[in-house]
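Q: model this:
(4 chains, ligands or ions: 2)
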Amino acid sequence: MTTKESWNISRYSRQILLPQFGKKSQELLAKKKILIIGAGGLGCPAALYLAGAGIGTLGIVDNDMVEISNLHRQIGHKESLSGKPKAESLRETVQNLNSSVQVHIVLQRLTQFNAIEIIAGYDIVLDCTDNVLTRYVVNDACAALSKPLVSGAAIGWDGQITVYSASVDCPCYRCIFPEPPPPKCVGSCDASGVLGPIPGVIGCLQALESIKLAANIEDAEPLIGRLLVFDGLETKFRTFQLRKRSSNCIVCGDSSEDFSIVEYDYASFIGLNESFTI
Amino acid sequence: MTTKESWNISRYSRQILLPQFGKKSQELLAKKKILIIGAGGLGCPAALYLAGAGIGTLGIVDNDMVEISNLHRQIGHKESLSGKPKAESLRETVQNLNSSVQVHIVLQRLTQFNAIEIIAGYDIVLDCTDNVLTRYVVNDACAALSKPLVSGAAIGWDGQITVYSASVDCPCYRCIFPEPPPPKCVGSCDASGVLGPIPGVIGCLQALESIKLAANIEDAEPLIGRLLVFDGLETKFRTFQLRKRSSNCIVCGDSSEDFSIVEYDYASFIGLNESFTI
Amino acid sequence: MPQVELQFGGGLESLTGGNKVVPANFSGEQVVLGRVIDWIRTCLIKEKHEYFVQGEHIRPGILVLINDVDWELEGKTSYVIQEGDRITFISTLHGG
Amino acid sequence: MPQVELQFGGGLESLTGGNKVVPANFSGEQVVLGRVIDWIRTCLIKEKHEYFVQGEHIRPGILVLINDVDWELEGKTSYVIQEGDRITFISTLHGG
Ligand SMILES: [Zn+2]
Ligand SMILES: [Zn+2]
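A: Ligands and ions are numbered 1, 2, ... in the order given. Reported below is the predicted structural model:
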């Protein structure tokens, strides 16, 4: 193993040099498993920078196929793999960059029925998905399993990122949004458009936050309890302080043991759209 | 041309959908030539997102070879091309993403003797270099040619980006730093280290600013006269207001016609390190 | 007559004619945030009110911040606004 | 006795023991920024002073900002500091 390890130290020397990082963080990264849900505009840069940094295992969940109209923002794919599964395409790009990373792909949509099984084996989860339903499913599974969730989103010229369920006080997505937005108020990249560098910036930041958490960086302040908002048209960033974990939250509050992700009626939840009390 | 154009509209539909972008901006992008100086940590993401967006011509200047220790942050290269020129490696990745982009590579270091010739044919220049000397040469050539310069930098956990020489009032690098830092105060990624997602974020932002300038986006506020500073350890962004163009600046001020980039003594300049008057 | 800065983001600026920042004055001494929201709904927003409110309440998916802090920590609609407050309304994004 | 917040970035925080933010008080009525810089040099920074100053002057490659604005626009060393000012020192970066 000496040869392998010395090769790795040279490969990662530029980050091992950092006083806050060092050999200890590199060894930690090599042991960690990170799951990327969604191999699109956010998942592509996140996967590449996590692989570059030397994460031990990278899981990629996606059931979509590469389309040419994805390529303006999904820079981990290529024209020649159009029509092929995105998770396979991204795995190939990741392995070409760093063959020492273990890549596991799941060619399924994440649902309330497979979420716990898929997520359970990982240390950290990245929400790189593109719809409200999956975001609640990912959140609820991570809350149930107490997995830190690095949640990114992008649309138009705007991006957002925060970390959920990463500490006792840290809220989950449901703590902040106990009710989903009305479907007509929800934009998607396919329907509303998005400029490529917007998910690029947010995906890179998701990789950064994941590295800080996975490598246990001293002096780092991950985006726990903070929402970073990016306005790409004006190139402005704002940070907002979020509420703490809610004791009333059905998935991470005081009665969360009553919650069953498999039995929960997500269809009604996403369709109901009742306003919450202010 | 109908088939080609309709294919392109579908390919870029997700950005054409944006009300600030539209078909007009896409057509502008297709006519523009952007030069990336440095195919490293900043140049890789910048090149990929510019190619994805459908820039007409992309120039890549770099005389280095791919090394395994680059790959933690230079995600446009791959293990199998280790030892090959970075500009060639990045061209291959860019063409795999978007074969309709014209890519020109220059396998030379940018110097005071070739800078004007290399830069003259482009509309916008990205400074993705890694040393003080080249940064002044790039700046001086862009100031002389009145080319907008999207300048990015990254080291350790820190990143910076601004746009120089993009309007009458807009300063150049020398307006703000008429004297170079003492060599002992200058860190490099090779000597001081850098975490991959830091240049990732800055490189994505360089692509974004370039798209805003090249596609003439209404309502956009590019980073002209503003310096964006990124602290990756705390995931905080700050924006600072910079001075205007200086009439005393030797390359863009009132007597700039006296400046000759070919005759200027860069070696003495970088070595002198006299303090400027405060 | 506290003057406040209202900010709209994440797409909500489309409800205010593209204005991301709207200054506003309110007469009276104890102006609560609920009254500000009511004014936005009835006077500032001209159409598509359902993107901002559902009945009496802010619609789900909008985060309200008082000087960059989640309004849950500040009393929500009963918060008494102060001179110079920044009140931010951000729609949460779901694309990727 | 204006209290100001001194901020150090781009690597300069290594000169202040890793502290990116240092609050400081100055006695007197007309405290100019030059005096603040002198205090940083003589009292705050314990070693490697040449990374901060060259002789009497801020070393080349450091950008000084007063409340997020380039000090060139504010009178540089002759600027009279006000209560609550943020004075930022940022080293320009060159890596890529
Ligand atoms: Zn919760
Ligand atoms: Zn100048």
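
Q: please make it C-alpha for all contacts and neighbour counts, starting now.
A: Noted.

Q: which of the helices or strands spans the nearest residue to residue A:40 once chain neighbours are set aside?
A: Leaving out its chain neighbours, the residue that sits closest to residue A:40 by Cα to Cα, 6 or more residues apart in numbering or on different chains is residue A:74, at 5.4 Å. Here residue A:74, judged by DSSP states H and E, is contained in no helix and no strand.

Q: so what's whichever residue of chain A sits closest to chain C scoring on pLDDT?
A: Using Cα to the nearest Cα, residue A:130 is the residue of chain A that sits closest to chain C, at 4.2 Å. Note on residue A:130: pLDDT of 93.

Q: one more: residue A:276?
A: pLDDT recorded at residue A:276 is 36.

Q: ok, residue A:104 - contacts?
A: By Cα atoms under 8 Å, 6 or more residues apart in numbering or on different chains, the contact set of residue A:104 is A:57, A:58, A:59, A:60.

Q: now find how far off-centre the helix or strand containing residue C:23 is within its chain.
A: Assessed by DSSP H and E, residue C:23 sits inside strand C:21-25. Here strand C:21-25 is found 10 Å from its chain centre; the criterion is Cα atoms, centre = their mean, to the nearest Å.

Q: so what are the sheet partners of it and their directions?
A: The pairing partners recorded for strand C:21-25 under DSSP bridges are strand C:3-9 (antiparallel).

Q: now, the most widely separated pair of the contacts of residue A:104?
A: Within the contacts of residue A:104, A:57 and A:60 form the most distant pair, 10.0 Å apart (Cα to Cα).

Q: give me the common contacts of the two.
A: Shared contacts of residue A:57 and residue A:60, defined by Cα under 8 Å, 6+ apart, are found at A:103, A:104.

Q: look up which helix or strand residue A:138 falls in, please.
A: helix A:132-145.

Q: so what's the residue count around the residue of chain C found nearest chain B?
A: Minimum separation of chain C from chain B (Cα to the nearest Cα) falls at residue C:18, amounting to 9.8 Å. Using other Cα atoms under 10 Å in any protein chain shown, residue C:18 has 13 other residues around it.

Q: phi first, then psi, for it.
A: Phi and psi for residue C:18, reported as degrees, to the nearest 10, are phi 90, psi 0.

Q: repeat that for residue C:46.
A: Backbone torsions of residue C:46, given as degrees, to the nearest 10, read phi -90, psi -30.

Q: tell me the pLDDT at it?
A: At residue C:46, the pLDDT value in this model is 92.

Q: one more: residue A:185?
A: Here, the pLDDT recorded for residue A:185 equals 85.

Q: go on, residue C:7?
A: Model confidence at residue C:7, given as pLDDT, is 98.

Q: residues touching it, list them.
A: Residue C:7 neighbours (Cα under 8 Å, 6+ apart): C:20, C:21, C:22, C:86, C:87, C:88, C:89.

Q: of all those, which comes closest to ligand 1?
A: Ranked by distance to ligand 1 (Cα to the ion), these are led by residue C:89 at 21.1 Å.

Q: the closest one against residue C:64, yeah?
A: Yes - counting by Cα atoms under 8 Å, residue C:89 does reach residue C:64; the two are 4.8 Å apart.

Q: circling back: what's the closest non-adjacent residue to the residue of chain A closest to chain C?
A: Take residue A:130 and drop its neighbours on the chain: the residue closest to it by Cα to Cα, 6+ apart is residue C:95, 4.2 Å away.

Q: was I right to think the one you found contacts residue A:189?
A: Yes - here residue C:95 reaches residue A:189: they are 5.5 Å apart, a contact under Cα under 8 Å.

Q: just the strands in the stretch 151-278 of chain A please.
A: All strands of the stretch 151-278 of chain A, identified by DSSP state E, counting those that start in this stretch, fall at A:158-164, A:226-231, A:236-241.

Q: give me whichever of the ones you listed is most buried.
A: strand A:158-164 (a mean of 27; mean count of other Cα atoms under 10 Å in any protein chain shown).

Q: by contact count, what packs against it?
A: Under the contact criterion of 3 or more Cα pairs under 8 Å, 6 or more residues apart in numbering or on different chains; DSSP states H and E, strand A:158-164 touches strand A:149-155, helix A:197-214, strand A:226-231.

Q: name the helices or strands packed onto the longest one?
A: Pointing back at helix A:197-214 there. Helices and strands touching helix A:197-214, by 3+ Cα pairs under 8 Å, 6+ apart, are helix A:22-31, helix A:43-53, strand A:124-127, strand A:149-155, strand A:158-164, helix B:197-214.

Q: for that helix, list the C-alpha coordinates in CSV.
A: The C-alpha trace of helix A:197-214 is given here as CSV (Å, rounded to 0.1, in the frame of the first residue of the first chain):
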residue,chain,number,x,y,z
PRO,A,197,-23.0,29.0,-14.6
ILE,A,198,-25.8,29.5,-12.0
PRO,A,199,-26.0,25.7,-11.1
GLY,A,200,-22.3,25.7,-11.8
VAL,A,201,-21.6,28.1,-8.9
ILE,A,202,-24.1,26.3,-6.6
GLY,A,203,-22.8,22.8,-7.4
CYS,A,204,-19.2,23.9,-6.7
LEU,A,205,-20.4,25.3,-3.4
GLN,A,206,-22.2,22.0,-2.6
ALA,A,207,-18.9,20.2,-3.2
LEU,A,208,-17.2,22.7,-0.9
GLU,A,209,-19.7,22.4,1.9
SER,A,210,-19.5,18.6,1.6
ILE,A,211,-15.8,18.6,1.8
LYS,A,212,-15.9,20.8,4.9
LEU,A,213,-18.3,18.4,6.6
ALA,A,214,-16.7,15.2,5.4
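
Q: so it versus strand A:226-231, what angle?
A: Computed with axes from the mean of the first three to the mean of the last three Cα atoms, to 10 degrees, the direction of helix A:197-214 lies at 160 degrees from that of strand A:226-231.

Q: what angle do strand A:149-155 and helix A:197-214 make with each other?
A: 170 degrees.

Q: I'd like the distance from helix A:197-214 to the chain centre, please.
A: The answer for helix A:197-214 is 8 Å, by Cα atoms, centre = their mean.

Q: now do that helix, average pLDDT.
A: Across helix A:197-214, the average pLDDT comes to 98.

Q: cool, and stretch A:256-266?
A: Taken as a whole, stretch A:256-266 has a mean pLDDT of 97.

Q: got the buried residues for it?
A: Of the residues in stretch A:256-266, those buried by neighbour count under the rule 16 or more other Cα atoms under 10 Å in any protein chain shown are A:261, A:266.

Q: touching it from outside, list them.
A: Contact with stretch A:256-266 is made by A:112, A:113, A:133, A:137, A:140, A:141, A:144, A:249, A:250, A:251, as judged by Cα under 8 Å, 6+ apart.

Q: now distance to chain D too, for those, in JSON lines please.
A: Formatted as JSON lines, those follow (distance: Cα to the nearest Cα, whole Å):
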{"residue": "A:112", "distance to chain D": "43"}
{"residue": "A:113", "distance to chain D": "45"}
{"residue": "A:133", "distance to chain D": "39"}
{"residue": "A:137", "distance to chain D": "39"}
{"residue": "A:140", "distance to chain D": "37"}
{"residue": "A:141", "distance to chain D": "38"}
{"residue": "A:144", "distance to chain D": "37"}
{"residue": "A:249", "distance to chain D": "36"}
{"residue": "A:250", "distance to chain D": "40"}
{"residue": "A:251", "distance to chain D": "38"}
